[in-house]
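In: Structural data only, the sequence is not supplied:
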């Protein structure tokens, strides 16, 4: 029953993604994006409640780990790709570990939730890179400045201060894509919270209890499986308000969609 329900819902989400990709109307694209995330959250809640009521606990679906390939070693900007996937994961009950090279993400969660993350990532990573390429090709970064922390020795003391420098192309790309990822994360989290609030109003006790139990189960699984040390953060040496503002605008306008089917979709970086 749970498997049939998840397959049907995944098909519906895939349809929303294709509709979003095919429209040129930003308002329609926004509606499809929100609908896709809300449906994904609703499906996750339904499956969580179903698992909670499964009598045979030995046959219940269990959390799993999946390796997500982000890109080839040495490629510039991989940390922003990782940041995009991590933001999507936060909105879909998936916890991530990241390799030091940012070439792989280890995703921990239920299969259907990880499938949702990969489908969203497959569409959004292409849009992120294309939007950034357009921003750079139009010269929006030329003449802008970036702030960088510089350490100097003054009278025998090491002093750190911010200095303005011309905005380099690589810095503009990293800041643009980082801001894009943050905006996407905020949009998906908002849609998720709205859906959860609606479900809890309809069935506050059952939904809240099932979600709490799911969170505990995922936390226990992650702690038992993860070998990560510390928490991953995308830290950059420079900051550019101009590039981040442009990336934020692009994140607000991003559509969801893609030709890949939702279950098991794999993302490839644009060439």
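Out: Ah, there it is. The structure presented is a predicted model; accordingly, all values stated were derived computationally and were not measured.
In: hey, let's count contacts and neighbours off CA atoms from now on
Out: OK.
In: any idea which element residue 213 lies in?
Out: Using DSSP states H and E, residue 213 falls within helix 204-225.
In: buried residues in that helix?
Out: 207-208, 210-211, 214, 218, 221-222 (16 or more other CA atoms under 10 Å).
In: That one - contacts with which helices or strands?
Out: helix 26-52, strand 104-109, helix 169-202 (3 or more CA pairs under 8 Å, 6 or more residues apart in numbering; DSSP states H and E).
In: Run the angle between it and helix 169-202 for me.
Out: 140 degrees (axes from the mean of the first three to the mean of the last three CA atoms, to 10 degrees).
In: still on that earlier bit, which one among the buried residues of helix 204-225 gets closest to residue 83?
Out: residue 222 (19.3 Å; CA to CA).
In: Would you mind measuring from that closest one to residue 97?
Out: Distance, residue 222 to residue 97, using CA to CA, to the nearest Å: 10 Å.
In: May I see the buried residues of stretch 100-112?
Out: Buried residues in stretch 100-112 (16+ other CA under 10 Å): 102-112.
In: same question, stretch 181-191
Out: Those would be 181-189, 191, for stretch 181-191 by 16+ other CA under 10 Å.
In: Return the residues in contact with the residue lying closest to residue 65 once chain neighbours are set aside.
Out: Leaving aside its chain neighbours, residue 65 sits nearest to residue 108 (4.6 Å; criterion: CA to CA, 6 or more residues apart in numbering). By CA atoms under 8 Å, 6 or more residues apart in numbering, the residues touching residue 108 are 63-66, 94-96, 114, 218, 222.
In: Double-check residue 67 against residue 109; I have them as touching.
Out: No. Taking contacts as CA atoms under 8 Å, residue 67 lies outside contact range of residue 109: 11.6 Å.
In: the inter-axis angle of the host helix or strand of residue 82 versus helix 169-202?
Out: Residue 82 belongs to helix 78-90 when assigned by DSSP H and E. Inter-element angle recorded for helix 78-90 and helix 169-202: 0 degrees (by the same axes, to 10 degrees).
In: Output the contacting helices and strands for the helix or strand following helix 78-90.
Out: Downstream of helix 78-90, the first helix or strand assigned by DSSP H and E is strand 95-98. Secondary-structure packing of strand 95-98 (3+ CA pairs under 8 Å, 6+ apart): helix 78-90, strand 104-109.
In: which one of the ones you listed lies closest to residue 121?
Out: helix 78-90 (6.1 Å).
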